[in-house]
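Student: sequence-free structure coming up:
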């Protein structure tokens with residue numbers, strides 16, 4: 001899951017995949033804007049055929065948070 005997410009992240013911000021880890025914060029470390037983040041969430045919803053609840057999105061601060069949430073939704 002981490003490798004897949006790294007690839008998607010690199011489509012939205014200019015970072016090297018090697019620099020992305022589970023502790024990376026989307027805004028502070030990776031340089032995401034809120035628009036970038038919501039666009040990425042939309043892509044994840046399409047790719048994994050899931051629906052991310054808006055109230056849950058605000059709790060996703062790190063790559064690790066995203067992985068945990070996605071794994072919970074995907075099952």
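Tutor: Thanks, I have it. None of these values were measured; they are calculated from a predicted model. Numbers count the residues shown, from 1 in each chain.
Student: Which secondary structure elements does the helix or strand residue 69 falls within sit against?
Tutor: Secondary structure assignment for residue 69, by DSSP states H and E: helix 63-74. Identification of packing neighbours for helix 63-74 by 3 or more C-beta pairs under 8 Å, 6 or more residues apart in numbering; DSSP states H and E yields helix 2-12, helix 34-48. The way it works is simple: take the backbone N, C-alpha and C, and place the C-beta from them, glycine included.
Student: Assign a three-state SS to the residue nearest to residue 14 when sequence neighbours are not counted, would you?
Tutor: Nearest residue to residue 14 in three dimensions, chain neighbours excluded: residue 31, at 7.4 Å (C-beta to C-beta, 6 or more residues apart in numbering). Of the three states, residue 31 takes coil under DSSP: H, G, I helix; E, B strand; the rest coil.
Student: What is the burial count for residue 31?
Tutor: 13 (other C-beta atoms under 10 Å).
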